[in-house]
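Visitor: Have a look at this fold, sequence not included:
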Ligand code: HPA
Ligand code: ZN
């Protein structure tokens, strides 16, 4: 009980959450009705029943279908507002939120509706609850690099409303180097850079995210454990990995949480963090990820403290604010 209270109450940062992955079935149905979008599910219960995933792709198919109810700026606001309220109650001091604009612009939703809705929710949450919150625009890696360039151009009028660029969606067959030119361009624009790598894909994708894309953090990165030289580099350079235990379990990366490699990576000196990824789909927000991971692996207060500290140190925030946190 003392450990559970520590995990719940300790201040933490969330650095890997897809805002479209926080869309709860109840809100999906409410927005479907508000926007008169037809869903291929009769009700909340039958939608939830479809949440049985065998791998990343089987999840992504349902995740993109759920996002189809998002049409207007207010929809994006409502989704982010609900997530941020939840983050505050989980003692998240700072959240860096991923969003997937191509999922929406491909359906005719204006880029400004997406970004302005999310941005307004962030500013209101800072005002109402004191949480710090920033946005990271993700390119979908199953689409082309040209599509990513067009997406970036659409977002440039709102450049001051996001702090970085990420890379997500289907990993296998879409290595980081596919996006070398657009990431180089984003780097010149002064954007922070991250990429999903080593979730289902090999350690080689983590190397190329670091060397070709020059990312500052790796999202997931759990397959790095296969490569001793890579592990040593991650530890030496203090490159943070944003690990998502319940996601890894639900997508069968580690079907049993007791076999998750986060404790070993932490022991090896890698700056791992605990995050929720797509909490509406994977069965829990950040505190649930901490609680289930600790219950399964037997980690204790020392690791809890280190993980919280890692998360606060790995955020893209000024050194002064970081000092106030850690
Ligand atoms: N991996 C890749 N793409 C994603 C994920 C993920 O875990 N969640 C949402 N988009
Ligand atoms: Zn993710």
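Guide: Received, thanks. The shown structure was predicted, so the numbers you read here are calculated from the model rather than taken from an experiment. Ligands and ions are numbered 1, 2, ... in the order given.
Visitor: what residues does the stretch 201-326 of the chain put near ligand 1?
Guide: Taking C-beta under 6 Å from any ligand atom as the measure of proximity, the stretch 201-326 of the chain contacts ligand 1 at 247, 277, 278. C-betas here are computed from N, CA, C, even on glycine.
Visitor: make it 8 Å
Guide: Where proximity means C-beta under 8 Å from any ligand atom, the interface of the stretch 201-326 of the chain facing ligand 1 comprises 219, 220, 244, 247, 251, 277, 278.
Visitor: correct me, but the third one touches residue 16?
Guide: Okay, so that is residue 244. Yes. In this structure, residue 244 sits in contact with residue 16. The criterion is C-beta atoms under 8 Å, and the distance is 5.8 Å.
Visitor: one step back: taking the residues of the stretch 201-326 of the chain next to ligand 1, tell me the two that lie furthest apart.
Guide: 219 and 251 (13.5 Å; C-beta to C-beta).
Visitor: Comparing these two, which residue is more hemmed in?
Guide: Higher neighbour count among residue 219 and residue 251: residue 219, with 28 against 25, using other C-beta atoms under 10 Å.
Visitor: And the more buried one, how far from residue 26?
Guide: Using C-beta to C-beta, to the nearest Å, one gets 27 Å for the distance from residue 219 to residue 26.
Visitor: Now do the helices in the stretch 201-326 of the chain.
Guide: 203-211, 228-236, 245-250, 262-267, 279-282, 286-297, 301-314, 319-325 (DSSP state H, counting those that start in this stretch).
Visitor: what sits against the residue in the chain that ligand 1 sits nearest to?
Guide: Nearest to ligand 1, among the residues of the chain, is residue 168, at 3.6 Å (C-beta to the nearest ligand atom). Contacts for residue 168 were tallied using C-beta atoms under 8 Å, 6 or more residues apart in numbering; they are 18, 98, 100, 138, 139, 140, 141, 196, 219.
Visitor: For the longest helix anywhere in the chain, name the packing helices and strands.
Guide: The helix spanning the most residues in the chain, taking DSSP state H as the definition, is helix 111-129. With contacts defined as 3 or more C-beta pairs under 8 Å, 6 or more residues apart in numbering; DSSP states H and E, the secondary structure elements packing on helix 111-129 are helix 73-89, strand 92-99, helix 101-105, strand 132-140, helix 145-155.
Visitor: can the third one be found next to ligand 1?
Guide: No. Under the criterion of C-beta under 8 Å from any ligand atom, helix 101-105 makes no contact with ligand 1; the nearest approach is 9.4 Å.
Visitor: Would you mind confirming that residue 213 is in contact with residue 182?
Guide: No. Distance between residue 213 and residue 182: 9.3 Å, which falls outside the contact criterion (C-beta under 8 Å).
Visitor: Just the pLDDT for residue 326.
Guide: You'll see residue 326 listed with a pLDDT of 86.
Visitor: what's the burial count for it?
Guide: Applying other C-beta under 10 Å, we find 11 residues neighbouring residue 326.
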